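Chemist: next input, structure requested:
(one chain, ligands or ions: 1)
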Amino acid sequence: MRWIAAENPSDQGCMAAEIICRCLQKKPDALIAFPTGSTPLPMYASLVACYQSGQVDFSRMRGFNLDEYAGLPPEHPQSYAFFLWENFYRHVNVQQQNIFVLDALADPVQAAADYEEKLKQAGYPDLAILGIGINGHIGFNEPASVQEAFCHPVQLAPETLAANARFFSPGEKTPQSAVTMGMGSILKSRKIILLASGKGKAKVMARLKQMTQIDPMFPASFLFLHRDVTVIADRDAWPQGEMMTAES
Ligand code: PGA
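Modeler: Numbering: from 1, shown residues only. Here you go, the predicted model:
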């Protein structure tokens, strides 16, 4: 696991966008798994800027969302299909047939099986961009004594529900469950980038930095099983007491 320090979220977004652009220059039809949440917003802004200045072409890129709330229609402003469309896809020349999202309205077990099959047919991600939850979740792989390897439905953890409540209006019914790529699906990616920004992530990043075991109660630890993981953490999320270097 390679750790790279970014000065701030915007710097982090540029660094992640640059990796994506390089990936697409090498392989224009690369399959990329994309996260949602606050952390990747600067990366999407940076990707849109790269597109507008002619540095990157998304016309053959295949994009897969990492996860989705169960039961939210794609036009719901908090659905992850909507998030990716609104913050990224609609601003660039990605082709509609190359956008893959989980079917949040289908039976979750079936939706998960179908999505895993689509990933398999497409050859799994060339690059997966990930965020991390304060409980160490990746995608919506929540801490659990046993981890499902592949795409699966999941009950959201109390910490996740609390953290994501900010996106919903007060009194609005928030989804309690989701469908997510499993850690096994994610680990099939050729390259993985993990993004963390903000003081709220310093503790979880310190735990990840110090950990030496794979613990299903801390899903991010499964990333130790992959040979090409780059963590990009900004100054606020950087583990306290650890030396901050441009690359370490
Ligand atoms: P955040 O979410 O970027 O909004 O903190 C990350 C995650 O929960 O994976």
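
Chemist: low-confidence ranges, this protein, go.
Modeler: Along the chain, the model assigns pLDDT under 70 to residues 243, 245-248.

Chemist: so which bits of it are right by the ligand?
Modeler: Taking Cβ under 6 Å from any ligand atom as the contact definition, the chain meets the ligand at 37-39, 131-133. Bear in mind the C-beta positions are built from the backbone N, C-alpha and C, glycine included.

Chemist: would you mind giving the residues you listed as JSON lines with neighbour count added?
Modeler: Formatted as JSON lines, these follow (neighbours: other Cβ atoms under 10 Å):
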{"residue": "37", "neighbour count": "16"}
{"residue": "38", "neighbour count": "14"}
{"residue": "39", "neighbour count": "25"}
{"residue": "131", "neighbour count": "19"}
{"residue": "132", "neighbour count": "25"}
{"residue": "133", "neighbour count": "23"}
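
Chemist: what's next to stretch 109-118, contact-wise?
Modeler: Outside stretch 109-118, the residues that touch it by Cβ atoms under 8 Å, 6 or more residues apart in numbering are 64, 70, 100, 102-104, 106, 150-153, 179, 181-182, 185.

Chemist: pick out the residue of this structure closest to the ligand.
Modeler: Using Cβ to the nearest ligand atom, the single residue of the chain nearest to the ligand is residue 37, 2.7 Å away.

Chemist: just to be sure, that residue is in a helix?
Modeler: No - under DSSP: H, G, I helix; E, B strand; the rest coil, residue 37 falls outside any helix and is assigned coil.

Chemist: ranges for the strands of the protein?
Modeler: 2-6, 31-34, 62-65, 67-69, 99-100, 127-130, 152-155, 177-180, 191-196, 229-234 (DSSP state E).

Chemist: dump those strands to a markdown table, plus distance to residue 87.
Modeler: As requested, these are exported to a markdown table (distance: least, Cβ to Cβ, whole Å):
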| stretch | distance to residue 87 |
| --- | --- |
| strand 2-6 | 19 |
| strand 31-34 | 10 |
| strand 62-65 | 12 |
| strand 67-69 | 15 |
| strand 99-100 | 13 |
| strand 127-130 | 13 |
| strand 152-155 | 23 |
| strand 177-180 | 19 |
| strand 191-196 | 14 |
| strand 229-234 | 18 |
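
Chemist: how about those in TSV, adding distance to residue 145 and mean neighbour count?
Modeler: Output for the strands of the chain, formatted as TSV (distance: least, Cβ to Cβ, whole Å; neighbours: other Cβ atoms under 10 Å):
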stretch	distance to residue 145	mean neighbour count
strand 2-6	28	19
strand 31-34	26	24
strand 62-65	27	22
strand 67-69	21	24
strand 99-100	30	18
strand 127-130	22	24
strand 152-155	14	20
strand 177-180	17	23
strand 191-196	23	24
strand 229-234	24	23
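
Chemist: return the residues in contact with residue 69.
Modeler: The contact partners of residue 69, by Cβ under 8 Å, 6+ apart, come to 78-80, 104, 175, 177-178.

Chemist: at 7 Å instead, please
Modeler: Shown in contact with residue 69 (Cβ atoms under 7 Å, 6 or more residues apart in numbering): 79-80, 104, 175, 178.

Chemist: go on, residue 95?
Modeler: Counting by Cβ under 7 Å, 6+ apart, residue 95 makes contact with residue 59.

Chemist: residue at max distance from the center of the chain?
Modeler: The centre of the chain is farthest from one residue, residue 171, which by Cα atoms, centre = their mean lies 27.3 Å away.

Chemist: gap between the nearest residue to the residue of the chain closest to the ligand once chain neighbours are set aside and residue 97?
Modeler: The shortest distance from residue 37 to any non-neighbouring residue, by Cβ to Cβ, 6 or more residues apart in numbering, is to residue 131 (4.8 Å). As judged by Cβ to Cβ, to the nearest Å, residue 131 and residue 97 stand 26 Å apart.
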